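Visitor: Structure for the following, please:
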Amino acid sequence: MTKRYSPTRLRELRNRVPIDQLIDKELNLLTKQSDGHLRFLCPLCSDFHTATNPKTNLARCFKCQKNFNPIDIVMTVHQCTFIEATRLLTPLLPS
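Guide: Numbers count the residues shown, from 1 in each chain. Below is the predicted model:
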């Protein structure tokens, strides 16, 4: 049986799980601070030419030109499905 998520729930998962904390604390990607930005080792190309934007809650790799929202990056790091990624993110939603 397929689980469906409402647009509101998906918006919450994309926007309310802080991308910086997700990358650094939950996904345990290698990170460093540079020029006031969190840089992380891209899970696709293994380059540090990356940044996060807390205003949009997105991460970007400038080398492979990939944008990540929280769902995308969980799917990439854990090599899991969309449904599995949403299940992993749900407990991380702030109260």
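
Visitor: Next up, the contacts around Val50.
Guide: No Val there; residue 50 is Thr. Taking Cβ atoms under 8 Å, 6 or more residues apart in numbering, we find Thr50 in contact with Arg39, Phe40, Leu41, Cys42, Ala59, Arg60, Cys61, Phe62, Lys63. All C-beta atoms are positioned from the backbone trio N, CA, C, and that covers glycine.

Visitor: Retrieve the pLDDT associated with the residue nearest in space to the middle of the chain.
Guide: Most central in the chain under Cα atoms, centre = their mean is Pro70, positioned 2.9 Å from the mean C-alpha point. Here the pLDDT value assigned to Pro70 is 98.

Visitor: Which stretches in this structure count as strands?
Guide: Secondary structure of the chain (DSSP state E): strands located at 31-34, 37-40, 50-53, 58-61, 66-68.

Visitor: Let's have these in JSON lines, adding distance to Ile19.
Guide: Output for the strands of the chain, formatted as JSON lines (distance: least, Cβ to Cβ, whole Å):
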{"stretch": "strand 31-34", "distance to Ile19": "12"}
{"stretch": "strand 37-40", "distance to Ile19": "9"}
{"stretch": "strand 50-53", "distance to Ile19": "5"}
{"stretch": "strand 58-61", "distance to Ile19": "5"}
{"stretch": "strand 66-68", "distance to Ile19": "8"}
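
Visitor: show me the contacts for the nearest residue to Leu13 once chain neighbours are set aside.
Guide: Nearest residue to Leu13, sequence neighbours excluded (Cβ to Cβ, 6 or more residues apart in numbering): Leu89, at 4.9 Å. Going by Cβ under 8 Å, 6+ apart, Leu89 touches Leu13, Val17, Leu22, Pro70, Ile71, Val74.

Visitor: Then Ile71?
Guide: By Cβ under 8 Å, 6+ apart, the residues touching Ile71 are Leu10, Leu13, Arg14, Phe82, Ala85, Thr86, Leu89.
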